[in-house]
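Visitor: Predicted structure and sequence below. I'll ask about it afterward.
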Amino acid sequence: MTQLVFFIAAIGAIAGAIGVIALRNPFYGVLSLVGHLLCLAALFLLLRAEFLAASQVIVYAGGVMVLYVFVVAYVGGTEESLGASRGWLRVLTPIFAGVLMIELVIASLGSGLKAITTKGADISPTFGSPAEIGQALLTRFLFPFEVASLLLLVAAVGAVGLARRRDGYTVGSIPLKAGAIPSVPPKGTGTMAEAAGDKPMTGLSGGDS
Amino acid sequence: MSIGWYLTVSAIIFAIGAAGVMTKRNALVILLCLELMLNAGNLALVAFSRMWGNIDGQIFAMVVLVVAACEVTVGLGLIVALHRRDLPVDADELSEMRG
């Protein structure tokens, strides 16, 4: 039974990974990655990492992938076009990938670790449960845990700073299509400076102030 | 299943991700392939954690999860900023910083 689940999940994970690089439309690539992540979560379950499998599904397949889908929809899934000048790369890449895979397999399987051919050490029934993970995170790994929260804060602030509008949201900053009626943006929709009132919005009628 | 099988799957997924990072031109797809490589690393970490019967590897995998989420947020923010400026989201054409 374990072997059956392993092979189904492993084949699904590898097929999903191949789908990410083989499908030309980025949107389908994202969907393929979702399937890959779900199969990977099944592998985590087989390895007795229940909490990690659950957080993988929630954080990745639930959160990060939604972000990806939004950005693909916003940027517009441009079809991958392989230029003629990159023909040599298309030949070289499978060779490189194959060599890398063989090298990794040799490095891991040939490492001489005796336990590598076993099913793993004897573990307690609560191995990988949320209680055990939480205890480890809040005792021995308290510092990495706090650093991770700081990293998330930095990433959130950085993403807002990167993706905001640089030069304010003024009438005329976005070219209008022919026939469209120019409108004054509602208050509080531009940069933070505009929201704070430091920089008045330059609308047709000067805003509703 | 022995631990070696999991490590082999991890190696295959990592190689596929590396191949994608090298060949793809769309920055979005490059980010997706980076996710593949991080996930392969996660699988190996969890497999080793099971092999030693030690929870530390799973904690390490969780930290990788957090770092991957941060990387995606900043990367997608960059892509949105590029798109706002009408720049192509193409790794080959964005070569202004090349020395």
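Guide: Cool, the structure landed.
Visitor: use CA for all of it now, contacts and neighbours both
Guide: Will do.
Visitor: The residue of chain B found nearest chain A: what's its closest spatial neighbour, skipping adjacent residues?
Guide: With Cα to the nearest Cα, the shortest gap between chain B and chain A falls at B:Met51, namely 3.9 Å. Excluding the flanking residues, the one nearest B:Met51 by Cα to Cα, 6 or more residues apart in numbering or on different chains is A:Gly120, at 3.9 Å.
Visitor: Tell me how many other residues surround the residue in chain A that chain B sits nearest to.
Guide: Nearest residue of chain A to chain B, counting by Cα to the nearest Cα: A:Gly120, 3.9 Å away. A:Gly120: 19 surrounding residues under other Cα atoms under 10 Å in any protein chain shown.
Visitor: With B:Asn39 instead?
Guide: 24.
Visitor: Nearest spatial neighbour of the residue nearest the centre of chain A, chain-adjacent residues omitted?
Guide: A centroid search over chain A (Cα atoms, centre = their mean) returns A:Val64, at 4.7 Å, as the residue closest to the centre. Leaving aside its sequence neighbours, A:Val64 sits nearest to B:Ala69 (Cα to Cα, 6+ apart; 6.7 Å).
Visitor: which stretch of helix or strand covers that neighbour?
Guide: B:Ala69 belongs to helix B:56-84 when assigned by DSSP states H and E.
Visitor: before we move on, the earlier item: from A:Ala148, how far off is the residue nearest to the centre of chain A?
Guide: Shown here: A:Val64 relative to A:Ala148, a distance of 17 Å by Cα to Cα, to the nearest Å.
Visitor: quick revisit: the residue of chain B closest to chain A and A:Lys119 touch, don't they?
Guide: Yes. Between B:Met51 and A:Lys119 there is a contact under Cα atoms under 8 Å: 7.0 Å.
Visitor: shared neighbours of the two, which are they?
Guide: The contact sets of B:Met51 and A:Lys119 overlap at B:Ile3 (Cα atoms under 8 Å, 6 or more residues apart in numbering or on different chains).
Visitor: which of the two has more neighbours?
Guide: Shown here are B:Met51 and A:Lys119; by other Cα under 10 Å, B:Met51 has more neighbours (24 against 15).
Visitor: Give the rounded mean pLDDT of stretch A:103-118.
Guide: For stretch A:103-118, mean pLDDT is 80.
Visitor: and that stretch, does that touch chain B?
Guide: Yes. Against chain B, stretch A:103-118 shows contacts by Cα under 8 Å from any Cα of the partner chain at A:Leu104, A:Val105, A:Ser108, A:Leu109, A:Ala115, A:Ile116, A:Thr117, A:Thr118.
Visitor: residues in contact with the helix or strand hosting the third one?
Guide: Element membership for A:Ser108, per DSSP H and E: helix A:87-109. Counting contacts by Cα under 8 Å, 6+ apart, the residues outside helix A:87-109 that touch it are A:116, B:4, B:7-8, B:11-12, B:14-16, B:18-19, B:22-23.
Visitor: Report the residue spans of chain A with pLDDT below the cut-off.
Guide: A:77-86, A:165-209 (pLDDT under 70).
Visitor: Please identify the buried residues of stretch B:80-87?
Guide: Going by neighbour count (16 or more other Cα atoms under 10 Å in any protein chain shown), the buried part of stretch B:80-87 is B:Val80, B:Ala81, B:Leu82, B:His83.
Visitor: ok, which of the residues you listed also contact chain A?
Guide: Okay, of those touching chain A (Cα under 8 Å from any Cα), that's B:Val80, B:Ala81, B:His83.
Visitor: The nearest residue to the last one once chain neighbours are set aside and A:Ser32, how far apart?
Guide: With Cα to Cα, 6+ apart as the measure, A:Val75 is the residue that lies nearest to B:His83, at 6.3 Å, once sequence neighbours are left out. Relative to A:Ser32, A:Val75 is positioned 19 Å away (Cα to Cα).
Visitor: Thanks again, I'm all set now.
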